[in-house]
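Colleague: A structural model of the following input is requested.
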Amino acid sequence: MKPLQPLRGVRVLSLALNLPGPAALMRLRAMGARCTKLEAPAPQGLDSSDPMAQYSRKAYDEMHTGIRRIEADLKSPTGQRKLHRTLASSDVLLTSFRPSALRKLGLDWPALRRTYPALCMVAIVGSPGERADEPGHDLTYLAEAGLVDGLNTPPTLFADMGGALLASEAVLRAMLHRQHSGKGCFQEVALSEAADWLALPRHWGLTVPGAAVGGGHAGYRVYPCKDGRVAVAALEPHFARALCTVAGLTPRSLAGMFDADTHEAIAAYLRSKTRRQLDKLATEHDLPLHTLPAN
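Modeller: A predicted model of the protein is given here:
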């Protein structure tokens, strides 16, 4: 089935570096947008001024596949002229600069709105409103949202990738607004708010230790098996009953799935099985589980 491309023909100009902006641009291109990325001139010996090209070339290349790239020094008159020539034929401007930096470049929303009344702008910032100029990064936003446990760094960049999703959603909203009103609009996307959105299950108590999806329910845990690990997600009653039956247990009530003896019995059963055996059981008994290698 051919994917829907609701942004076909929409022209997006991005000034956003690192991860959230390019990741959003990658999604916008997948939705049919014609995407251009403007970068500062690359330092000698490099082909990109975007730090992501040095952090992870693989990430940079994947995010910029199919993206037209141009260079311009926005602090120079020549660079400003090049920028504004591109802006004149763009529908959306995507940025990730702090508001103070945008003002210095003459790219704050009031200035742009006067010159390009049909232009939409999506500004990715760290924190919203008056805090938008504060320094921060994915890790600090996750920490503030209560998503950092112990001394371990999270396994992926949740705030950055969540912010990229919110930014692509903001472009869709902006184009719908312009379609109905005929006017451009400004939207701010804060990475801290993306982290807060991802943290809602914990805020609601769902993922705190001992809760239903926080390790308290015996059907929703990661267990060791004979040659690795198994992530079990038998949360709904019919899945929990099937898990208990396979493990040789009398099906438990919801409350029973929180009992220590249920945890111990299921853990003992899974420890006795190989990954291959568990994969076969999952298929035969319609169990939601996924086997993993040992740590």
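Colleague: residue contacts, Thr78?
Modeller: Ala72 (CB atoms under 8 Å, 6 or more residues apart in numbering). Quick note: C-beta positions are derived from backbone N, CA and C, even for glycine.
Colleague: now the most centrally placed residue in the chain: how far from Ala194?
Modeller: In the chain, the centroid-proximal residue (CA atoms, centre = their mean) is Met161; its distance is 2.2 Å. From Met161 over to Ala194 the distance is 8 Å, taken as CB to CB, to the nearest Å.
Colleague: Pull out the buried residues from the helix or strand hosting the residue nearest to the centre of the chain.
Modeller: Per DSSP states H and E: Met161 is located in helix 158-181. The neighbour-count check on helix 158-181 (16 or more other CB atoms under 10 Å) flags 158-168, 170-171, 174-175, 178 as buried.
Colleague: now stretch 144-161
Modeller: Result for stretch 144-161 [16+ other CB under 10 Å]: buried residues 144-145, 147, 157-161.
Colleague: Spatially nearest residue to the most far-flung residue of the chain relative to its centre (excluding sequence neighbours)?
Modeller: The centre of the chain is farthest from one residue, Thr250, which by CA atoms, centre = their mean lies 40.8 Å away. Spatial nearest neighbour of Thr250, excluding adjacent residues (CB to CB, 6 or more residues apart in numbering): Cys244 at 6.8 Å.
Colleague: For the strand or helix carrying the one you found, list the C-alpha coordinates in CSV.
Modeller: Using DSSP H and E, Cys244 sits in helix 237-246. Extracted C-alpha coordinates of helix 237-246, given in CSV (Å, rounded to 0.1, in the frame of the first residue of the first chain):
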residue,chain,number,x,y,z
PRO,A,237,-6.7,-11.1,31.4
HIS,A,238,-6.9,-13.5,28.5
PHE,A,239,-3.1,-13.3,27.9
ALA,A,240,-2.5,-13.7,31.6
ARG,A,241,-4.7,-16.8,31.7
ALA,A,242,-2.8,-18.2,28.7
LEU,A,243,0.6,-17.5,30.4
CYS,A,244,-0.5,-19.2,33.6
THR,A,245,-1.8,-22.2,31.7
VAL,A,246,1.4,-22.6,29.7
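Colleague: Can you list the neighbours in contact with that helix?
Modeller: Residues from elsewhere that reach helix 237-246 (CB under 8 Å, 6+ apart): 217-219, 232-234, 250-252, 254, 257, 262, 266, 269, 281, 285-288.
Colleague: Can you tell me the element Arg222 falls in?
Modeller: To be clear, residue 222 is Val; Arg isn't right here. Secondary structure assignment for Val222, by DSSP H and E: strand 220-225.
Colleague: So for that strand, mean pLDDT?
Modeller: The pLDDT scores in strand 220-225 average 98.
Colleague: Sort out which residues of it are buried, please.
Modeller: In strand 220-225, counting by 16+ other CB under 10 Å, buried: 220-221, 223, 225.
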